[in-house]
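Q: output the structure for:
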Amino acid sequence: MLLGHEKVSFLHLPTPLEYLPGVSQDLGVEFYIKRDDLTNLGVGGNKLRKLEYLLKDAQDQGCTMLLTLGGAQTNHGRLTAAVAAKYGLKCAIVMIDEYPGEVSANILLDRIMGCDLIMKADDGTDEHEQFDKLCAQVIAEYEAKGEKVYYIPMGGSRKGKLRKWLNVLITFLVSGLWHGANWSYVLWGGLNGVMQVIGEWKNLLLAKGKGFLTQKGWKEPESARSFSARLLKTLITFCLICITWVFFRAESAQQGFQILRQMFLRWNPWILFDDTLISIGLGQTDLFWLLASIGVLFCVDLLHEKGCHLRDSLLRQQFWFRLLIYMLGIFSILLLGVYGPNMDASAFIYFQF
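A: The predicted structure follows:
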């Protein structure tokens with residue numbers, strides 16, 4: 001299928017649909033999995049499908065190098081490196097991430113396939129701006145050496161901002177439908193997509209505005225990057241995401257709108273302290289563990305932002321201590337998790353298909 005564009009057909013298609021009898025029995029449905037992990041390059045993955053089109057475009061333009069971006073262990077980057085190696089092109093991956101501490105997993109595979117890796121630690125500013133600046137710098141350096149670079153942005157879209165935003169909306173709408181055959185899931189996906197587009201549009205306007213004001217001598221105040229500014233952004237994002245999750249958890253789109261209407265028209269914060277939550281099944285013990293879990297997640301995230309990585313710290317400890325932490329984690333899941341005598345596998349969220 002060409003979808004109106006030429007491509008280099010290097011995949012062994014179609015990949016098989018594999019029946020999962022155990023999952024099907026648990027869920028009470030006929031459950032299959034599409035095995036795109038069996039595609040034949042770079043350990044496989046469905047991102048190879050778009051690379052067939054991107055490779056053809058790069059070849060038609062006479063490019064000598066593929067350049068893409070992502071995190072330290074990007075799967076898309078690994079597959080791009082595999083395609084470049086197979087077809088005699090150079091490759092580079094630009095990464096905004098912390099060095100994982102060792103050359104392993106995708107980083108190791110990237111280097112085996114001859115890919116250059118350019119890694120920069122996140123400086124706390126807008127990630128898109130960091131990528132744009134670093135990619136422009138790296139592309140200029142390679143072109144100065146005589147390479148013709150074919151740039152593959154996140155998602156592989158090279159058709160401009162409007163097409164990218166349309167693709168984002170379509171992707172989130174489909175992801176909503178993928179979670180369940182209900183309009184509430186479609187609304188959840190659509191709202192997330194709209195927020196993504198508005199966020200990128202806002203960042204684009206802010207970047208242009210800052211550039212214009214900087215030329216006029218304006219300097220961004222230090223408070224714009226302070227903890228309070230980042231905390232405000234986090235709180236706004238959290239509230240917006242919570243609104244979308246109303247539809248994700250609602251039994252129908254109509255119920256989701258009713259909940260939102262009551263949230264804004266019948267404001268009553270005292271339900272957190274009276275017996276209302278207990279009457280709907282959330283007891284004081286449940287509320288305690290919920291708040292405690294949120295506290296743990298917040299502390300872990302704060303430590304990570306400060307550069308303290310718990311996994312790396314744990315790996316430096318003696319074996320008996322690591323084993324103790326692992327066992328505590330396992331017992332916490334068994335004691336506090338949702339799996340147990342009352343677990344109903346048929347209530348799995350995707351059962352509505």
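Q: for the helix or strand harbouring Ile330, packing partners?
A: When elements are defined using DSSP states H and E, Ile330 is found to belong to helix 319-336. If contacts are counted by 3 or more CB pairs under 8 Å, 6 or more residues apart in numbering; DSSP states H and E, helix 319-336 sits against helix 310-315. In this view, the C-beta of every residue, glycine as well, is placed from N, C-alpha and C.
Q: kindly export the helix holding Ile330 (C-alpha atoms) in PDB.
A: The C-alpha trace of helix 319-336 is given here as PDB (Å, rounded to 0.1, in the frame of the first residue of the first chain):
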ATOM      1  CA  PHE A 319      23.300  -7.600  47.100                       C
ATOM      2  CA  TRP A 320      21.500  -8.300  50.400                       C
ATOM      3  CA  PHE A 321      20.200  -4.700  50.500                       C
ATOM      4  CA  ARG A 322      19.000  -4.800  46.900                       C
ATOM      5  CA  LEU A 323      17.300  -8.100  47.500                       C
ATOM      6  CA  LEU A 324      15.500  -6.700  50.500                       C
ATOM      7  CA  ILE A 325      14.200  -3.700  48.500                       C
ATOM      8  CA  TYR A 326      13.100  -6.000  45.700                       C
ATOM      9  CA  MET A 327      11.200  -8.300  48.200                       C
ATOM     10  CA  LEU A 328       9.600  -5.300  49.800                       C
ATOM     11  CA  GLY A 329       8.400  -4.100  46.400                       C
ATOM     12  CA  ILE A 330       7.000  -7.500  45.600                       C
ATOM     13  CA  PHE A 331       5.100  -7.800  48.900                       C
ATOM     14  CA  SER A 332       3.800  -4.300  48.500                       C
ATOM     15  CA  ILE A 333       2.200  -5.200  45.200                       C
ATOM     16  CA  LEU A 334       0.800  -8.400  46.700                       C
ATOM     17  CA  LEU A 335      -0.700  -6.600  49.700                       C
ATOM     18  CA  LEU A 336      -1.800  -3.400  48.100                       C
END
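Q: check which residues of that helix are buried.
A: Going by neighbour count (16 or more other CB atoms under 10 Å), nothing in helix 319-336 comes out as buried.
Q: so what touches stretch 258-267?
A: Applying CB atoms under 8 Å, 6 or more residues apart in numbering, the external contacts of stretch 258-267 come out as 243, 246, 250.
Q: inside helices: which ones of those residues?
A: Filtering the contacts of stretch 258-267 for membership in helices, criterion DSSP state H, returns 243, 246.
Q: make JSON lines out of the contacts of stretch 258-267 and add distance to Leu315 and pLDDT.
A: Compiled in JSON lines, those are given as follows (distance: CB to CB, whole Å; pLDDT from 0 to 100):
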{"residue": "Ile243", "distance to Leu315": "39", "pLDDT": "93"}
{"residue": "Val246", "distance to Leu315": "40", "pLDDT": "93"}
{"residue": "Ala250", "distance to Leu315": "42", "pLDDT": "90"}
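Q: most neighbours among the contacts of stretch 258-267, please name it.
A: Comparing those on neighbour count, Ala250 comes out first with 21 neighbours (neighbours: other CB atoms under 10 Å).
Q: any idea how far stretch 189-198 is from the chain center?
A: The gap between the average C-alpha position of stretch 189-198 and the chain average comes to 14 Å, counting by CA atoms, centre = their mean, to the nearest Å.
Q: average pLDDT for that stretch?
A: Stretch 189-198 shows an average pLDDT of 93 in the prediction.
Q: go on, stretch 223-236?
A: Mean pLDDT, computed over stretch 223-236, is 85.
Q: cool, stretch 160-171 as well?
A: If you average the per-residue pLDDT over stretch 160-171, you get 85.
Q: and it, which residues are buried?
A: By neighbour count, and taking 16+ other CB under 10 Å as the criterion, the buried residues in stretch 160-171 are 164-165, 168-169.
Q: can you tell me which of the residues you listed end up in helices?
A: Among those, the residues falling in helices (DSSP H) are 164-165, 168-169.
Q: mind putting the residues you listed in a markdown table, distance to Leu206 included?
A: Conversion of those to a markdown table gives the following (distance: CB to CB, whole Å):
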| residue | distance to Leu206 |
| --- | --- |
| Lys164 | 18 |
| Trp165 | 16 |
| Val168 | 19 |
| Leu169 | 21 |
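Q: so how far is the longest helix anywhere in the chain from its chain's centroid?
A: Scanning the chain for the longest helix, with DSSP H as the assignment, gives helix 183-215. Taking the mean C-alpha point of helix 183-215 and that of its whole chain, the gap between them comes to 16 Å (CA atoms, centre = their mean).
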